[in-house]
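*Asks:* 3D model of this:
(chains A, B and C)
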Amino acid sequence: MPEYTLAEIAQKIGGEVHGDADIRIHGVAEIASAKKGELIFLANLKYRAQLEKTQASAVIIDAQTTETPSLPHIKAPNAYFGFLQAFLLFNQPKQMLPARIHPTAVVHKTVKIGSDVKIGAHVYLGRGVAIGDRSEIFPNCVILDDSSIGDDCRLYPLVSVREDCRIGNRVIIHNGAVIGCDGFGFAPYQGIFHKIPQVGKVVIEDDVELGANVTIDRGALGETRICQGVKLDNLVHIAHNVVVGKHTVMAAQTGVSGSTTIGENVMMGGQVGVVGHISIGDGARVSAQAGVTKGIASGKTVFGSPARPIFKARRIEATLNELPKMRKRLAILEKKLAKFEKGNNQPL
Amino acid sequence: MPEYTLAEIAQKIGGEVHGDADIRIHGVAEIASAKKGELIFLANLKYRAQLEKTQASAVIIDAQTTETPSLPHIKAPNAYFGFLQAFLLFNQPKQMLPARIHPTAVVHKTVKIGSDVKIGAHVYLGRGVAIGDRSEIFPNCVILDDSSIGDDCRLYPLVSVREDCRIGNRVIIHNGAVIGCDGFGFAPYQGIFHKIPQVGKVVIEDDVELGANVTIDRGALGETRICQGVKLDNLVHIAHNVVVGKHTVMAAQTGVSGSTTIGENVMMGGQVGVVGHISIGDGARVSAQAGVTKGIASGKTVFGSPARPIFKARRIEATLNELPKMRKRLAILEKKLAKFEKGNNQPL
Amino acid sequence: MPEYTLAEIAQKIGGEVHGDADIRIHGVAEIASAKKGELIFLANLKYRAQLEKTQASAVIIDAQTTETPSLPHIKAPNAYFGFLQAFLLFNQPKQMLPARIHPTAVVHKTVKIGSDVKIGAHVYLGRGVAIGDRSEIFPNCVILDDSSIGDDCRLYPLVSVREDCRIGNRVIIHNGAVIGCDGFGFAPYQGIFHKIPQVGKVVIEDDVELGANVTIDRGALGETRICQGVKLDNLVHIAHNVVVGKHTVMAAQTGVSGSTTIGENVMMGGQVGVVGHISIGDGARVSAQAGVTKGIASGKTVFGSPARPIFKARRIEATLNELPKMRKRLAILEKKLAKFEKGNNQPL
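*Replies:* Predicted coordinates:
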């Protein structure tokens, strides 16, 4: 287990020590469960009260905060990112695969394999597959013909990649995810749905992470593209010919229908549904369970199903709480007015 | 790469050429990205403007349309279906498995295998399994005891089929789909959920296509049945004892609860939820994200959660946009009437 | 096939025979499809009419019911639970794996395996894995380093368990489920999402059942815990650091966001979404498709998205049906009042 002084950590993460710089830190932890010798972070002031009770030896805080914890602390440009950097000093990923091709793996003779690649047991690599340097393919993954995986990738167990797909560098794919399955394309004719062959591909750019049991359909013609830095949570579904822009994130169980284009730095909550053939602008935000039925302009936030601009949706939601009372109030008004109407025919 | 004249294609798809019948076509493409020598189709008139800019050499249009494109064109009974037929002339599916049982596959000695079957690496076929002629079982699929697969099926990598299930002919199952897992059946008794053994089976009829990571539960007793021609998109869930009628389609992430019967030619959008023990009539349509809490009559369309008839739901949705204003208008009316009431006690 | 007299069955399930105790029963069935010699149950009086038409030879009913079927019957403390016990007399689970480690399984030399364990073909067990007595690991499962499985567990095909997870006794995990994949944790900094290593684990306690293609994220730090007796249906997603309390059940496609704590005996419908960092009390109920945005007190039921207390939500839902009419009524009132206002300026 490595150990560092607080000063050493501050230097490595680009922060500034306040308090005893020589205390020794041997790990990172959460504020509530930290023990002596451990380093925590405080990014959200609502956890400030917990700071007074923590057993941690030091804390990372935002440089711009006015907080002055009694604990020794590091002021970092971004507390959470600083904590992440400290985290990486202490936690080396477990090495689980030997640096070789497992003898039970079935690797076609045409496969090109880079240096320091690890191929697990019962893996299948089809004709023409290419695996870049230092990539790890865990047991029971299947990669079909002519697909390629870049450098420094990690495919966890039971991931499958269909033929002709391109996966970039530093891509992480979690267990059971499926890349390049057929899109849902049929020509309805005389009461029968006739399959449209899906002959496109999937392109996954660098630094993407895909959650467990995610499904990404191949293009019908052309491609489905997941751009650089995108992060998709578990059980997300991306249909054929969708483009997901750079550094966009989607929480679990969200689904995007065919041919929709999503911009950069978009954030989607979980269980969102998006119709096909629309465009979502850069920086848009979509709240969980929203049903997006039309395009969203850049930077806008939508809510609800069908999705509406957040301010409009919130006003409607708030008014819904009043709705049963509104009905009663309406009935009272009608009665009163009926009285007046009667009165109107008579002398007051 | 095969090449045909426009006349040859028209003849093969049952259409009629207008314009130069001798131009040579070497592929099909989308309207926006087509190049010289490629054939496109126009089914939806909203893409008509693109037709003037396309680089394609010819276009398939509906016979009944009044359009007269300047491009050489084929009039087909159904443009999209005609395009599909043309598509199949040019795109032969990639042959990825050798026509044999891979030596790493584990095949019980009682398994019956038809002619020209392809069994991939690390496949497991349990006791009494049967695989029909020309079917392809991709690497790392698992089929447990006494299940059968018909002729001309394709099970993509990592598909699993539990024991005693019946799969028909020309069925396509995408990666990671699960057929015949236990239904969610428990007897709650004294605060504990006691498992009801799920001893039924799943029957998948001919011409069904199941998306990636779909789950189809076996019957508790009896069967779960997916009828002929049904198409289920990725991550769809079908609970125990459900019947899905012929040529019904469901988009991604939809779920159907136990013992519900769904008619023929039903169309469901994505992320729909359907409660158990109801009946949905032939030709019904369910919009995306709907929550179906009671039966739907044949031919009806529902929308929303809880689902309502589409016209009713749309009126409510439209009125919701007015709701915050309605609250204000109501308050104004109340004030005005209060004034009148006061006035009523005084001489006007 | 075993056969018992009605008296024998009554004795085994703790019930009391009424009618001919000597009739011979050779199986259990559903009320609608039962044949002579079969035993059914009646727990819900709405199926009473079917009882008169059934071909079954006997029926189990609740001891406290006032029903007196003409059919020979057993009065049991709980008809459904009694039926389940009878069910188990007749249905022995199919034995599909031989009691041994299949020669194609890859088992690290450090793995500890209990007695009577069955390990299927193409299974991978990493360094330091432990498998308890009588557990069955079906073909193509993958269990990574230092994870442990208790006694009498059943992992169906293609289940994967990441490193350092703990699975208790009598746990059933269906095909394709993923235990211990990384949580969705990123530090957003300068427009990029930086991965937070997920170094916690998953603990699955005794008697848990997990559906097909379920995903359970490991803790970021610390653990994700699925407590005793929990049942999760297919395609459920549990995020990092969630705790699911004892005997809680969730229907298919439900998702729970990170660090949320769910109490005991909670019941959730399908396609529910729960935000992170909240607490749901014991015995709470959440209806299907609800979107839970804040904590729920013990014993409370919520409905809708965003979720509201059930009575409130139902009143709103009922009023929504009136909403378009309310708008018209409001407009009528406004017109009438406008008339009065005019009238007010004139002699009545």
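*Asks:* so, low pLDDT: which residues of the stretch 201-348 of chain A?
*Replies:* Counting by pLDDT under 70, the stretch 201-348 of chain A has low-confidence residues at A:343-348.
*Asks:* can you give me the helices for the stretch 201-348 of chain A?
*Replies:* A:310-345 (DSSP state H, counting those that start in this stretch).
*Asks:* which positions in it make contact with chain C?
*Replies:* Proximity of the stretch 201-348 of chain A to chain C, by Cβ under 8 Å from any Cβ of the partner chain, involves residues A:209, A:211-213, A:229, A:231, A:233-235, A:247, A:249, A:251-253, A:265, A:270-271, A:288-289, A:305, A:317, A:320-321, A:323-324, A:326-327, A:330, A:333-334, A:337, A:340-341, A:344, A:348. From N, CA and C alone the C-beta is placed, and that goes for glycine too.
*Asks:* span of stretch A:39-49 from start to end?
*Replies:* Stretch A:39-49 has its terminal residues 17 Å apart, counting by Cα to Cα, to the nearest Å.
*Asks:* mean confidence for it?
*Replies:* For stretch A:39-49, mean pLDDT rounds to 85.
*Asks:* and the residues of the stretch 201-348 of chain A next to chain C, which are buried?
*Replies:* Buried members of those, counted by 16 or more other Cβ atoms under 10 Å in any protein chain shown: A:209, A:211-213, A:229, A:231, A:233-235, A:247, A:249, A:251-253, A:265, A:270-271, A:288-289, A:305, A:317, A:320, A:323-324, A:326-327, A:330, A:333, A:337, A:340.
*Asks:* quick one: residues contacting A:Met96.
*Replies:* Going by Cβ atoms under 8 Å, 6 or more residues apart in numbering or on different chains, A:Met96 touches A:138, C:126-127, C:144-145, C:163.
*Asks:* switch to 6 Å and redo it
*Replies:* C:126, C:144-145 (Cβ atoms under 6 Å, 6 or more residues apart in numbering or on different chains).
*Asks:* which one is it nearest to, not counting chain neighbours?
*Replies:* Spatial nearest neighbour of A:Met96, excluding adjacent residues (Cβ to Cβ, 6 or more residues apart in numbering or on different chains): C:Asp145 at 5.1 Å.
*Asks:* any idea of the pLDDT on that neighbour?
*Replies:* On the pLDDT scale, C:Asp145 gets 98.
*Asks:* part of a strand, is it?
*Replies:* No: using DSSP: H, G, I helix; E, B strand; the rest coil, the assignment for C:Asp145 is coil, not a strand.
*Asks:* show me the contacts for it.
*Replies:* Neighbours of C:Asp145 in contact, by Cβ under 6 Å, 6+ apart: A:96, C:126-128, C:163.
*Asks:* which parts of the stretch 151-300 of chain A sit against chain B?
*Replies:* For the stretch 151-300 of chain A, the residues in contact with chain B (Cβ under 6 Å from any Cβ of the partner chain) are A:158, A:160, A:163, A:176, A:178, A:181, A:184, A:187, A:189, A:191-194, A:196-197, A:199, A:213, A:215, A:221, A:237, A:255, A:273, A:291.
*Asks:* please pick the buried ones from those.
*Replies:* Buried members of these, scored by 16+ other Cβ under 10 Å, are A:158, A:160, A:163, A:176, A:178, A:181, A:184, A:187, A:193-194, A:196-197, A:199, A:213, A:215, A:221, A:237, A:255, A:273, A:291.
*Asks:* in strands, which of those appear?
*Replies:* Applying DSSP state E to those, the entries found in strands are A:160, A:178, A:181, A:187, A:193-194, A:215, A:237, A:255, A:273, A:291.
*Asks:* so which residues of the stretch 51-200 of chain A form helices?
*Replies:* A:79-90.
*Asks:* residues in it within reach of chain C, list them.
*Replies:* Near chain C, when you scan the stretch 51-200 of chain A using Cβ under 6 Å from any Cβ, you find A:78, A:80-81, A:84, A:91, A:94, A:96, A:104, A:121-122, A:139-140, A:157-158, A:174-176.
*Asks:* what do you get if the cut-off is 8 Å, keeping everything else the same?
*Replies:* A:78, A:80-81, A:83-84, A:87-88, A:91, A:93-94, A:96, A:102, A:104, A:120-122, A:138-140, A:156-158, A:172, A:174-176.
*Asks:* show me what counts as buried in stretch A:9-24.
*Replies:* Residues A:9-10, A:13, A:15, A:17-19, A:21, A:23 are the ones in stretch A:9-24 that count as buried (16+ other Cβ under 10 Å).
*Asks:* one step back: which one of the contacts of A:Met96 sits closest to B:Thr54?
*Replies:* C:Leu144 (51.6 Å; Cβ to Cβ).
*Asks:* quick one: that closest one and chain B, what's the gap?
*Replies:* Computed with Cβ to the nearest Cβ, to the nearest Å, the distance linking C:Leu144 and chain B is 17 Å.
*Asks:* again with A:Pro77
*Replies:* 40 Å.
*Asks:* before we move on, what about A:Ile25?
*Replies:* 43 Å.
*Asks:* which one is that residue nearest to, not counting chain neighbours?
*Replies:* A:Leu39 (4.8 Å).
*Asks:* residues contacting the one you found?
*Replies:* A:6, A:9, A:25, A:27-29, A:56-60, A:83, A:86.
*Asks:* adding pLDDT, write the contacts of C:Asp145 out as CSV.
*Replies:* CSV is the format used below for those (pLDDT from 0 to 100):
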residue, pLDDT
A:Met96, 95
C:Gly126, 98
C:Arg127, 98
C:Gly128, 98
C:Glu163, 98
